[in-house]
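J.: model this:
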Amino acid sequence: MRKPVLLILALGILTASYTQDNSVKNKYRKKPSLGFHFTLHDFATAAAIKNTSISKALDNNQWHNLNTMSSGLAGSYLKGLNDFIDFNARLGISSVTYPIPNKTTNENAMLLESDANLNFKLFSDQYWVSPYASVGVGASKWKGYYGAYLPLGLGFTINLSEGGYLMFSSAYRVAVTSSTTASHFFYSFGVGFSLGGKDKGEAPASSN
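T.: This is a model prediction of the structure:
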């Protein structure tokens with residue numbers, strides 16, 4: 001567990017350093033915000049790709065549909081470090097039959113997760129749509145099993161008026177503790193709002 005702890009500390013140091021940036025220089029930096037999300041865990045597709053390959057999984061129609069995914073809910077805290085990098089902390093809960101490696105698990109139980117991420121945006125919040133790539137570190141608990149994972153993802157934010165936004169993301173979670181964590185795909189769809197509202201005159205612009 002040392003590597004995840006070191007990564008969390010590194011993210012904390014980056015957050016502290018970036019928050020010292022001049023607010024005038026980063027006029028489109030996202031204000032502290034809260035988000036609420038519907039989530040999906042896809043273990044089956046990740047297992048099919050691991051056992052074969054992405055191309056074979058697609059050819060054999062092994063990219064599983066919503067019926068095989070486990071749904072959940074999550075809350076998030078989002079804060080801009082500068083115009084193009086956001087810090088995102090997330091806490092999630094879902095009911096899943098977790099495929100613990102090398103063990104037979106048939107019981108549906110509560111999965112608790114928490115992760116910290118950095119979102120690297122293509123555009124600032126000056127525009128309506130802001131695509132981003134994300135990297136982070138996370139921890140999970142399912143029954144008596146504790147695990148760690150690295151979420152690597154892509155997503156985009158639709159910026160609304162008054163500091164509100166819609167967020168859509170997908171990630172591949174790489175297992176760090178391979179004995180208690182299974183690598184899998186993760187999808188999230190959410191809505192958020194600024195804790196401080198949006199300054200006047202900062203309505204998002206078109207990215208065209």
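
J.: This protein: helices as residue ranges?
T.: Applying DSSP state H to the chain gives helices spanning 2-18, 43-51, 54-59.

J.: where does the nearest residue to residue 150 once chain neighbours are set aside sit relative to residue 168, distance-wise?
T.: Counting by CB to CB, 6 or more residues apart in numbering, residue 150 lies nearest to residue 174, which is 4.5 Å off, once chain neighbours are set aside. From N, CA and C alone the C-beta is placed, and that goes for glycine too. For residue 174, the distance to residue 168 (CB to CB, to the nearest Å) stands at 21 Å.

J.: Now for the residue nearest to residue 141 when sequence neighbours are not counted, how many residues are close by?
T.: Leaving out its chain neighbours, the residue that sits closest to residue 141 by CB to CB, 6+ apart is residue 112, at 4.6 Å. Residue 112 is flanked by 14 other residues according to other CB atoms under 10 Å.

J.: show me the contacts for residue 112.
T.: By CB atoms under 8 Å, 6 or more residues apart in numbering, the contact set of residue 112 is 92-93, 140-142.

J.: And residue 149, by the same measure?
T.: Contacts of residue 149 were listed using CB under 8 Å, 6+ apart, and they are 115, 137-140, 173-177, 181, 183.

J.: Show me the shaky parts of this protein.
T.: Low-confidence segments of the chain (pLDDT under 70): 1-24, 53, 55-64, 197-208.

J.: ok, which stretches of it are strands?
T.: Using DSSP state E, the strands of the chain run over residues 33-42, 70-80, 85-96, 109-121, 129-142, 145-159, 165-175, 184-194.
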